[in-house]
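A.B. asks: here is my input; please provide its structure:
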Amino acid sequence: MKKIGLLAIALVTAGTMTLGASTHVKDAASVYKNRCANCHGDKANGVPKITPAPGVDPREADAKGIVSEESANVYGPPLNGLSKEELLKKLDEIRNGDFDSESTHAAMRKNLEEIEKREGKISDEAMAEYIYNTFGPGSE
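C.D. replies: Residues are numbered from 1 along each chain as shown. Okay, here's the model as predicted:
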């Protein structure tokens, strides 16, 4: 009787973990599409750095279809060529501050903090899995 009870608990736990993992990947997809794609591209192929228009007020830039000097560094490198391990390493570096404060990782850390304020904690593993399997070598 105890064996059946333990087996039932193990199966329920495994099922719950599987459902939880799929929810995290779904959440990662939503966060990527709504937040990350703005800088890293719809297909994680990156967004090139934009050449700023000197003297343009940031409030007027959007209306004119150009970028102000203030927001010229809004770009992201491609992620679609990275392995899951490389993606996890980059996310770990961002979270732990293992970078030069002038690097693009510093801006990404601030962005990640803002995203998680709005969306809640994002699983690095789920995000790496989503990017790898949707855009990267895992999608082939």
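
A.B. asks: all the strands of this structure, in order from the start?
C.D. replies: Using DSSP state E, no strands are found in the chain.

A.B. asks: got any ranges where it has weak pLDDT?
C.D. replies: 1-26, 49-74, 98-105 (pLDDT under 70).

A.B. asks: make it 80
C.D. replies: Residues of the chain that meet the criterion pLDDT under 80 lie in 1-26, 48-75, 97-107, 140.

A.B. asks: show me where it has helices.
C.D. replies: Using DSSP state H, the helices of the chain run over 2-31, 37-40, 58-64, 84-96, 104-119, 124-134.

A.B. asks: show me what counts as buried in the shortest one.
C.D. replies: Judged by neighbour count (16 or more other Cβ atoms under 10 Å), helix 37-40 contains these buried residues: 39-40. The C-beta positions use only the backbone N, C-alpha and C, and glycine is treated the same way.

A.B. asks: cool, and stretch 85-94?
C.D. replies: 87-88, 90-91, 94.

A.B. asks: give me the contact list for it.
C.D. replies: 79, 82, 98-99, 105, 108-109, 112, 124-125, 127-128, 131-132, 136 (Cβ atoms under 8 Å, 6 or more residues apart in numbering).

A.B. asks: who's in contact with residue 79?
C.D. replies: By Cβ under 8 Å, 6+ apart, the neighbours of residue 79 are 40, 44, 46, 87, 131, 135-136.

A.B. asks: measure it to residue 117 for me?
C.D. replies: Computed as Cβ to Cβ, to the nearest Å, the residue 79 to residue 117 distance reads 22 Å.
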